[in-house]
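Chemist: Give me a 3D structure for the following:
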Amino acid sequence: MRTEVVQTEITVIGGGLAGVCAAVSAARLGQRVALVQNRPVLGGNSSSEVRVWVCGATAHGTNRYARETGIMGEMFVENQYRNPDGNPYYWDLVVLETVQREKNIQLFLNTDVHEIEADGPEDHRTIRSVTGWMMGSERRIRFESQYYLDCTGDGLIGFLADAKYRVGREAQQEFDEAWAPQVADDVTLGSTILFYTKDAGHPVKYIPPAFAKDITKTSIPLRRVIRSGDNGCHYWWIEWGGELDTVHENERIRDELWAVIYGIWDYIKNSGRFDADTMTLEWIGALPGKREYRRLIGDYVLRQQDIIQQTPFADRIGFGGWSIDLHPPQGMYATESGSKHLHPDGIYHIPFRSLYSVNVDNLLFAGRNISASHVAFGTTRVMATCAVIGEAAGTGAALCVAHQAAPREVAAQHMEELQQVLLRQDASVIGLRNQDALDLARQAQITASSHLKRIEVTEAHEAIPLDVNMGILLPVHPALSGVELLLDATADTTVTVELWDTGKPENYVPQQLVANATVAVRQGERQWVPVDIQWTPETAQNGFLIVKANAAISLYQSHLPQTGIMCFVEEAPDPHNRDDMRHQAVVRWNPRKLLRTPLCLKLTGDTAAFAPERIIDGYRRPYGGPHMWSSEQMVANREEYLELTWVEPIQVSQVHLIFNDDVNEDLINLHHHRTPFDVIPELIKDYRVEAMVDGMWKTLTHVQGNRQRRRVHDEWAAVQTDRLRVLMESTNGCARAEVAEARVYA
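Modeler: Model (predicted):
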């Protein structure tokens with residue numbers, strides 16, 4: 001046996017997306033990190049070993065402008081470019097290389113931690129070391145650090161350190177949660193194994209193993225969707241074990257899931273009900289993908305009301321947006337639906353106090369084991385949200401090291417610093433403004449070659465019958481003076497338009513009626529019809545126009561997207577079905593059918609929503625408006641530029657740029673869907689950063705082929721200048737140059 005000791009400032013145990021983002025964020029802040037994973041690959045449930053789709057705040061397009069940024073966003077965008085077909089092995093590489101690029105991370109794969117040295121009284125425990133066994137190498141490794149992050153999913157490190165935790169469902173009365181049971185119990189969400197199929201191109205027989213379950217003797221064929229062409233996460237409902245101990249009975253759960261999968265395949269291949277003669281099994285998972293086990297207790301327990309009311313925590317460090325998604329205890333054998341969903345009106349916020357232990361002083365955690373009730377956990381458990389939490393926890397741990405402070409002390413004394421660091425990293429935080437005193441761009445005057453002053457979508461491609469209400473989200477900055485709609489009318493009629501606000505700046509559904517107007521329309525085609533509807537809000541924000549249904553009218557649609565404009569179709573819920581999610585506003589107003597294809601319109605008057613100074617207004621993603629600069633349409637042989645000017649010369653050592661990567665676009669790691677482009681079209685492709693030095697423009701850096709949202713440039717010796725500019729040579733397809741934020745550091 002070989003025994004060794006690894007000493008770092010931080011040890012992260014668990015190499016799922018939460019652990020990866022925690023390790024990377026701490027390493028980027030200069031801390032030495034040991035990342036310990038008990039499997040041969042990183043990525044946890046998203047890896048090629050389990051193959052679960054990475055879901056997050058977009059909820060597959062239900063929430064608007066909600067895709068994660070920061071480290072998770074980097075991986076989403078890179079995977080889209082490298083892996084448009086969703087190959088799970090290519091996704092493994094994206095995650096692995098994200099870790100390998102960080103020189104401050106020591107990675108230990110195949111290393112199972114099962115020993116801990118901890119001491120102190122029950123209410124103030126301290127972890128001194130954790131020890132793991134590296135399988136295949138016969139190495140016993142002791143990890144000694146100041147701070148530890150439990151990203152195991154099952155909360156194993158916290159459990160071994162005597163951290164307070166919970167398993168199962170709280171009683172309804174404990175947190176006054178409507179979706180909690182009347183009586184507390186040990187029920188959890190179950191585990192799942194997935195399978196892949198392929199068409200072999202010739203007849204393939206299938207002889208089921210003796211242990212395959214005859215699913216015709218269960219409720220599965222009656223209650224679940226089975227199709228021969230589906231595979232992977234289409235079968236998320238192959239779930240079991242919620243009434244068992246999902247850790248200690250993991251092998252029993254695995255065997256039951258295997259029996260059902262082989263039985264489902266027998267049903268598809270041999271029942272005669274499916275066209276599957278040439279289909280064969282390509283892959284079946286060997287590891288149950290766990291959904292739930294221990295939830296470690298922090299200084300705050302996130303609960304249902306926080307999700308639904310979108311509580312704006314003072315210590316918020318990230319956001320989520322997946323529905324509260326709970327499953328019946330019987331899993332695949334349940335006679336009821338496989339899941340039920342409750343959505344807030346938009347994204348919700350996650351507090352830092354839910355990411356560290358209430359009684360172990362140097363323990364933080366991230367992933368599905370954070371401090372949340374069972375009901376709230378029903379949304380925070382999805383992997384992109386776990387990744388967001390991981391980045392915040394890793395950043396918090398780095399500040400713990402920097403200040404030699406416990407996580408609770410960081411929460412109490414350094415919360416603004418933590419949030420500002422997260423903003424600088426472009427992490428997934430919404431509603432906080434850049435107040436970084438070191439960011440010299442905040443002192444600059446901003447000018448540009450041009451900026452978009454008139455919002456007009458005029459290139460019509462097809463007409464859409466106005467047989468249901470349609471919505472148009474648009475920036476009102478500073479006022480709305482009227483709108484024109486392009487339409488056909490089969491008879492003399494009227495069109496009615498309502499203007500609503502959206503309530504919270506992070507929401508994109510109609511909340512309160514502001515104004516309405518009805519105008520006469522004559523029979524005819526391709527008419528621009530003016531609607532006198534006006535609003536001057538106290539602060540710039542989004543407005544939500546509702547064009548009321550009229551069978552005599554068709555609206556025109558463009559295939560050219562316009563940043564800041566989003567369109568919706570209202571889908572009426574079934575009044576007799578209380579479980580119809582379209583009763584929830586964020587589901588009822590569906591943007592998917594009009595994604596990147598807005599309705600034709602003209603807004604009366606100029607807008608300031610895309611003015612150059614937007615790049616230093618403190619926000620770098622949509623929040624009550626676009627919060628970005630957009631040029632006028634780019635033309636050949638003319639570069640668009642942004643220029644920053646200071647009253648006195650400054651030293652420039654580092655420039656941060658955040659380009660528009662359309663965070664409304666729902667990206668995925670596997671094969672749920674495929675975007676029609678490998679790089680977000682709005683991203684700037686080729687650009688230069690120049691400084692005025694000795695009366696001449698000096699090129700500091702020249703980038704070609706960019707495909708990332710955030711770029712940090714420090715590849716030059718510090719220069720003294722009073723003028724800096726970014727010249728956009730080309731985009732990845734957008735007709736305009738768009739930049740969300742610029743920062744400058746000495």
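Chemist: Centre of the chain to the helix-or-strand element of the chain with minimal mean pLDDT, how far?
Modeler: Least confident element among the helices and strands of the chain, by mean pLDDT, DSSP states H and E: helix 220-223 (a mean of 93). Distance of helix 220-223 from its chain centroid, counting by C-alpha atoms, centre = their mean, to the nearest Å, is 32 Å.
Chemist: Tell me the buried residues in it?
Modeler: The neighbour-count criterion (16 or more other C-beta atoms under 10 Å) identifies I220 as the buried residues of helix 220-223. Every residue, glycine included, has its C-beta placed from N, CA and C.
Chemist: How about residues contacting the helix or strand following it?
Modeler: Next helix or strand after helix 220-223 toward the C-terminus (DSSP states H and E): strand 239-240. Around strand 239-240, the neighbours that count as contacts under C-beta atoms under 8 Å, 6 or more residues apart in numbering are 189-192, 253, 256-257, 260, 291, 327, 331-333, 338.
Chemist: and if we set it to 6 Å?
Modeler: Here strand 239-240 makes contact (C-beta atoms under 6 Å, 6 or more residues apart in numbering) with 190, 192, 253, 256-257, 331-332.
Chemist: got the CA coordinates for stretch 86-93 in PDB?
Modeler: Taking C-alpha atoms only, stretch 86-93 is exported to PDB below (Å, rounded to 0.1, in the frame of the first residue of the first chain):
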ATOM      1  CA  GLY A  86     -24.700  15.500 -28.100                       C
ATOM      2  CA  ASN A  87     -22.100  12.800 -27.900                       C
ATOM      3  CA  PRO A  88     -21.800  11.900 -24.200                       C
ATOM      4  CA  TYR A  89     -18.100  11.100 -24.500                       C
ATOM      5  CA  TYR A  90     -17.400  14.500 -26.100                       C
ATOM      6  CA  TRP A  91     -19.200  16.100 -23.200                       C
ATOM      7  CA  ASP A  92     -16.900  14.300 -20.800                       C
ATOM      8  CA  LEU A  93     -14.000  16.000 -22.500                       C
END
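Chemist: Give the rounded mean pLDDT of it.
Modeler: The average pLDDT within stretch 86-93 is 97.
Chemist: repeat for stretch 561-572
Modeler: Mean predicted confidence for stretch 561-572 is 97.
Chemist: What lies in contact with that stretch?
Modeler: With C-beta under 6 Å, 6+ apart, stretch 561-572 has contacts from 457, 468-475, 582, 588-591, 593-594, 596, 598-599, 609, 626, 630.
Chemist: what comes up buried for it?
Modeler: Neighbour-count burial for stretch 561-572, counted by 16+ other C-beta under 10 Å, picks out 561-570.
Chemist: do stretch 514-532 as well
Modeler: Neighbour-count burial for stretch 514-532 flags 514, 517, 521, 527, 529, 531 (criterion: 16+ other C-beta under 10 Å).
Chemist: can you pull out the helices in the stretch 351-500 of the chain?
Modeler: 374-380, 383-403, 407-413, 415-424 (DSSP state H, counting those that start in this stretch).
Chemist: Tell me which of those helices sits nearest to A26.
Modeler: Comparison of the helices of the stretch 351-500 of the chain against A26 by C-beta to C-beta identifies helix 383-403 as nearest, at 4.1 Å.
Chemist: send the alpha carbons of that closest one over as CSV?
Modeler: Listed in CSV are the C-alpha atoms of helix 383-403, where the atom choice follows Å, rounded to 0.1, in the frame of the first residue of the first chain:
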residue,chain,number,x,y,z
MET,A,383,-27.5,19.9,-12.6
ALA,A,384,-27.0,23.3,-14.1
THR,A,385,-28.4,24.9,-10.9
CYS,A,386,-26.1,22.6,-8.9
ALA,A,387,-23.3,24.0,-11.0
VAL,A,388,-24.3,27.6,-10.3
ILE,A,389,-24.3,26.7,-6.6
GLY,A,390,-20.9,25.1,-7.0
GLU,A,391,-19.3,28.2,-8.5
ALA,A,392,-20.7,30.3,-5.6
ALA,A,393,-19.6,27.8,-2.9
GLY,A,394,-16.1,27.6,-4.4
THR,A,395,-15.9,31.4,-4.6
GLY,A,396,-17.1,31.6,-1.0
ALA,A,397,-14.4,29.1,0.1
ALA,A,398,-11.7,31.1,-1.7
LEU,A,399,-12.8,34.2,0.3
CYS,A,400,-12.8,32.1,3.5
VAL,A,401,-9.1,31.4,2.8
ALA,A,402,-8.3,35.0,1.8
HIS,A,403,-9.9,36.4,5.0
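Chemist: Return the member of the buried residues of stretch 561-572 nearest to V483.
Modeler: I565 (11.2 Å).
Chemist: Any figure for the gap between the closest one and G158?
Modeler: 46 Å (C-beta to C-beta, to the nearest Å).
Chemist: mind checking the end-to-end distance for stretch 273-284?
Modeler: One end of stretch 273-284 sits 22 Å from the other (C-alpha to C-alpha, to the nearest Å).
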